[in-house]
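Visitor: output the structure for:
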Amino acid sequence: MTKRQIFYSFHFDNDVMRVQQVRQMGVVEGNEPVTPNKWEELKKGKSGVEDWIDDNMKGKSCVIVLIGEKTAFRPWVQYEIKKAWADGKALLGIYIHNLKCPNNGTCSQGTNPFDQITFKRNGIVVGKPSVYNPKASDAYGDIKANLSKWIEAAIADQSK
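Guide: This next block holds a predicted model:
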């Protein structure tokens, strides 16, 4: 099976090391990470970040929100979720608080970022995208073993 093209949404400052673990699993093809310097440059432009997100989300079959302790309240994460939904992309969330950051260890489980949004299709409210909470005892192994399955389920749900 061809690897799906994925856009990862996450809170850079808190979770970049955890996100790198998911990226390096090699299960899917994800968007290239932006460097901290490039991110600062993008933030200076009037629509720099928004344009970067829009460009990098093109051609992706699924948007995965990697949920750390403070992810739900990040404005760009909210933008990415709303854009993914409006563009008809599959959408899912994965809690990553139990992945160990080499600098900070694990963190507290964050709030579901999908709780802040009303999801509609054709003007009718529908259920929220699925969110997965990997086993605390082996979060890395659980994500690696199930990521493809979770993506395919999100794609199937989106096509309904």
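Visitor: residues touching residue 128, list them.
Guide: 112, 114, 115, 117, 119 (Cβ atoms under 8 Å, 6 or more residues apart in numbering). Where you see a C-beta, it was placed from the backbone N, CA and C, and this is true even at glycine.
Visitor: can you give me the strands in this protein?
Guide: For the chain, the strands defined by DSSP state E occupy 5-9, 29-30, 62-67, 90-95, 120-121, 124-125, 131-132.
Visitor: residue 49 is nearest to which of the ones you listed?
Guide: With Cβ to Cβ as the measure, strand 5-9 is the member of those nearest residue 49 (12.4 Å).
Visitor: just name the shakiest helix or strand of this protein by mean pLDDT.
Guide: Taking mean pLDDT, DSSP states H and E as the measure, strand 29-30 is the helix or strand of the chain with the lowest mean score, a mean of 62.
Visitor: name the nearest residue to residue 133, sequence neighbours excluded.
Guide: Distances taken as Cβ to Cβ, 6 or more residues apart in numbering place residue 95 nearest to residue 133, at 4.6 Å, with adjacent residues excluded.
Visitor: which helix is the longest one in the chain?
Guide: Among all segments of the chain classified by DSSP state H, the helix with the greatest residue count is helix 139-158.
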